[in-house]
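Enquirer: would you be able to build a 3D model of this:
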Amino acid sequence: MQGPLNISRSKQGHPVIVQAGSSEPGQQLGARTAEVVFSHKKNIDAAKEFYKSLKQKAASFGRSSEELVILQGITPIIGETEELAHQKHQQLQQLADPQAALNFIAGYLGLSGADLTGYSLDTPVVDIPLPDVNGMKSVSEQWRQIIEEENLTIGQLYARFEGTDKFIGTPVQVADELERWFSEGAADGFMVVTSFLPDGLEDFVNHVIPILQERGLFRLEYEGDTLREHLGLAVPVNRYVHAKSVQI
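Expert: Numbers count the residues shown, from 1 in each chain. Here you go, the predicted model:
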């Protein structure tokens with residue numbers, strides 16, 4: 001009989017190939033092989049530069065821009081007014097556990113396993129010796145530049161990891177910013193990473209999505225039943241389509 005290893009009938013051709021990594025080697029890999037690339041840029045200009053660069057690299061491998069979907073990660077915080085949204089953001093920051101913040105920052109800056117218990121959240125990051133890193137190199141370099149330019153403390157840096165302030169506001173303000181990033185070529189779509197569940201996700205789904213639907217920027221219903229169809233990706237020819245079905 002035909003078993004789970006019979007992949008020749010896959011409706012998706014093959015599973016969607018997803019990649020994350022903004023370093024030059026990571027971009028080359030994504031441009032050559034990926035169908036979806038995750039990114040997390042702190043402002044629209046950086047996102048647009050990355051978007052343009054990666055699409056051009058894909059073209060150099062003989063691929064069209066439609067073959068590669070770039071999704072930017074965002075952390076929207078939504079309130080009835082802009083002031084209430086920022087108050088909600090501040091309340092969330094006050095809940096941060098100092099040790100958890102130190103461990104989180106350590107991982108991003110190549111200090112994993114280091115003992116940072118002697119530092120407070122008010123310590124300027126420039127006062128901490130930072131080693132050279134290989135993993136997440138592009139992210140580390142991006143944050144080191146921000147640290148040097150703005151002289152951030154550990155606490156301030158931790159707060160910045162949640163995302164750009166442009167996605168903190170009323171439903172209309174957040175929808176406006178999403179539309180701007182999409183229409184100006186900063187993203188093909190977004191990964192919504194909420195600060196808290198379930199309320200953070202419900203706020204976005206119940207209040208921002210309807211606005212995007214009214215503007216024709218978000219589907220009213222799903223027209224397919226696979227991830228590939230949801231992402232608008234073409235179905236590739238499965239290289240095993242003519243292979244003999246695996247028998248078990």
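Enquirer: do me a favour and get the end-to-end distance for stretch 196-209?
Expert: Using C-alpha to C-alpha, to the nearest Å, one end of stretch 196-209 lies 18 Å from the other.
Enquirer: tell me how far that stretch lies from the chain's centre.
Expert: 17 Å (C-alpha atoms, centre = their mean, to the nearest Å).
Enquirer: show me what counts as buried in that stretch.
Expert: 200, 203-204, 207-209 (16 or more other C-beta atoms under 10 Å). Placement of C-beta: from N, CA and C, glycine included.
Enquirer: equivalent analysis for stretch 177-187, please.
Expert: Buried-residue list, stretch 177-187, by 16+ other C-beta under 10 Å: 177-178, 181-182, 186-187.
Enquirer: and for stretch 21-39?
Expert: So stretch 21-39, judged by 16+ other C-beta under 10 Å, has buried residues 21-23, 26-27, 30-31, 34-39.
Enquirer: now do that stretch: distance from first to last residue.
Expert: Across stretch 21-39, first to last residue, C-alpha to C-alpha, it's 7 Å.
Enquirer: contacts for the strand or helix carrying residue 212?
Expert: Assigned by DSSP states H and E, residue 212 falls within helix 209-214. For helix 209-214, contacts defined as C-beta atoms under 8 Å, 6 or more residues apart in numbering pick out 171-172, 175, 178-179, 218-220.
Enquirer: hmm, 7 Å instead?
Expert: Contacts with helix 209-214, where a contact means C-beta atoms under 7 Å, 6 or more residues apart in numbering, come from 171-172, 175, 178, 218, 220.
Enquirer: and those, which two are furthest apart?
Expert: 172 and 220 (19.4 Å; C-beta to C-beta).
Enquirer: which one of the two has more residues nearby?
Expert: residue 172 (12 against 7; other C-beta atoms under 10 Å).
Enquirer: and the more buried one, how close does it get to residue 78?
Expert: 10 Å (C-beta to C-beta, to the nearest Å).
Enquirer: centroid residue for this protein?
Expert: Nearest to the geometric centre of the chain sits residue 73, at 2.5 Å (C-alpha atoms, centre = their mean).
Enquirer: ok, and the closest non-adjacent residue to that residue?
Expert: residue 40 (4.0 Å; C-beta to C-beta, 6 or more residues apart in numbering).
Enquirer: what's the local residue count around the one you found?
Expert: 21.
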